[in-house]
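Student: Sequence and predicted structure are below.
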Amino acid sequence: MPKSATQTAPLYDVHPGVAKVQKWVADLKPSTGRSLNEWITLLKKDGPKDYHSRRAWLKSKHKLGTNSAWWIAERAEGKGGEEDSPEKYLATAVKYVEDQYAGRKSALRPIYDQLLSLARSLGPDVKACPCKTMVPLYRNHVFAQLKPATNTRFDLGLCFTTYKGKLPKRLIDTGGLAKKDRITHRIELSSPAQIDSDLTRWLRAAYDLDA
C-alpha cells in the first residue's frame, strides 16, 4: 500500500542499543528468575533508597551484572526507559537533539542540520541515532559523529581507524585510536560556511571505509 501524502519517514533511526535492551528485558526472567517489573518491586521493597547503593546492592546481594544493576536501578527511579522500544527511542531522539542545541548552543544548529543532510546524501544506508550529547552516524558501524562541543564550537568526529594515508592538519587527532574509540579525528567548525568540498571529501572517506 503506498504511503499517504501526510506520512513521512522518521527523522532519525533506531539506535542499535535498543535491540540490546529489548533482548536484556526478554532474557531477564529466564536468566535471573525475575522479570524487570519483579526486580523493580523487590528493589523498592527491600533494597536501599538511593540510586548508587541500589546498584551496589543488586550486584553484591543478587550477583547481577553491572549493566543489569544499572538499568534496574534506573527504572526503579522512573528513568532509563528511553531504549525499551523503538517507538520510545524515536520519540526521545528528537528531544535529545533539541536539548543539545538549546540556549547558547542554538547558534550551532544550522551546522548540525547541514551536516546531517550531507551525511544522509552519502547513501541510503546512513543511519542517524541520537544520544544525549551527540548524534552518531552509522553505516555498518559508527563512521562519524555530530557534536556541539562548546557554545561556539561544533565537532565533526570521523572514524579513520583503518585509514593508511597521511591526514591533513585540519583533521585533529582525538587520541581515539589509542583508546579504542571509533572516533579518531575531528574537524572543528564554527560556521556552516566551513562545510566545504574538503570536509565533504573526508566525510565520504570515513563512510567508504565502513563499507
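Tutor: Right, received. Where do you want to start?
Student: phi, psi of residue 125?
Tutor: The phi/psi pair for residue 125 (degrees, to the nearest 10) reads phi -90, psi 0.
Student: for residue 172, same thing?
Tutor: According to degrees, to the nearest 10, residue 172 has phi -80, psi 130.
Student: For the lengthiest helix in the chain, give the mean pLDDT please.
Tutor: Looking across the chain with DSSP state H, the single longest helix is helix 16-32. Taken as a whole, helix 16-32 has a mean pLDDT of 91.
Student: Name the residues of that helix that come out as buried.
Tutor: 18, 21, 24, 25, 28, 32 (16 or more other CB atoms under 10 Å). Any C-beta I mention is one placed from the backbone N, CA and C, and that applies to glycine too.
Student: who does it touch, helix- and strand-wise?
Tutor: Helices and strands in packing contact with helix 16-32 are listed as helix 36-46, helix 66-76; criterion 3 or more CB pairs under 8 Å, 6 or more residues apart in numbering; DSSP states H and E.
Student: Nearest to residue 11, out of those helices?
Tutor: Counting by CB to CB, residue 11 lies closest to helix 66-76 out of the helices and strands packed on helix 16-32; the figure is 25.6 Å.
Student: And residue 207, how far from residue 113?
Tutor: 19 Å (CB to CB, to the nearest Å).
Student: the more surrounded of those two?
Tutor: Of the pair residue 207 and residue 113, residue 207 is the one with more neighbours under other CB atoms under 10 Å, namely 20 against 14.
Student: Need the nearest residue in space to the more buried one, chain neighbours excluded.
Tutor: Distance criterion CB to CB, 6 or more residues apart in numbering; nearest residue to residue 207, sequence neighbours excluded, is residue 122 at 4.7 Å.
Student: Can you classify the one you found as helix, strand or coil?
Tutor: Using DSSP: H, G, I helix; E, B strand; the rest coil, the structure places residue 122 in coil.
Student: what's the pLDDT at it?
Tutor: 97.
Student: Output the longest strand belonging to this protein.
Tutor: Counting residues, the longest strand found in the chain (DSSP state E) is strand 142-148.
Student: other SSEs contacting it?
Tutor: Helices and strands touching strand 142-148, by 3+ CB pairs under 8 Å, 6+ apart, are helix 109-120, strand 135-138, strand 154-158, helix 197-209.
Student: Quick one: work out the angle between the first one and strand 154-158.
Tutor: Same thing as helix 109-120. Counting by axes from the mean of the first three to the mean of the last three CA atoms, to 10 degrees, helix 109-120 lies at 20 degrees to strand 154-158.
Student: cool, the longest one as well?
Tutor: On the basis of the same axes, to 10 degrees, helix 197-209 is oriented at 40 degrees to strand 154-158.
Student: low-confidence ranges in this structure?
Tutor: Within the chain, the segments meeting pLDDT under 70 span 1-9.
Student: what's the domain layout of it?
Tutor: 12-100, 104-209 (automatic domain parsing).
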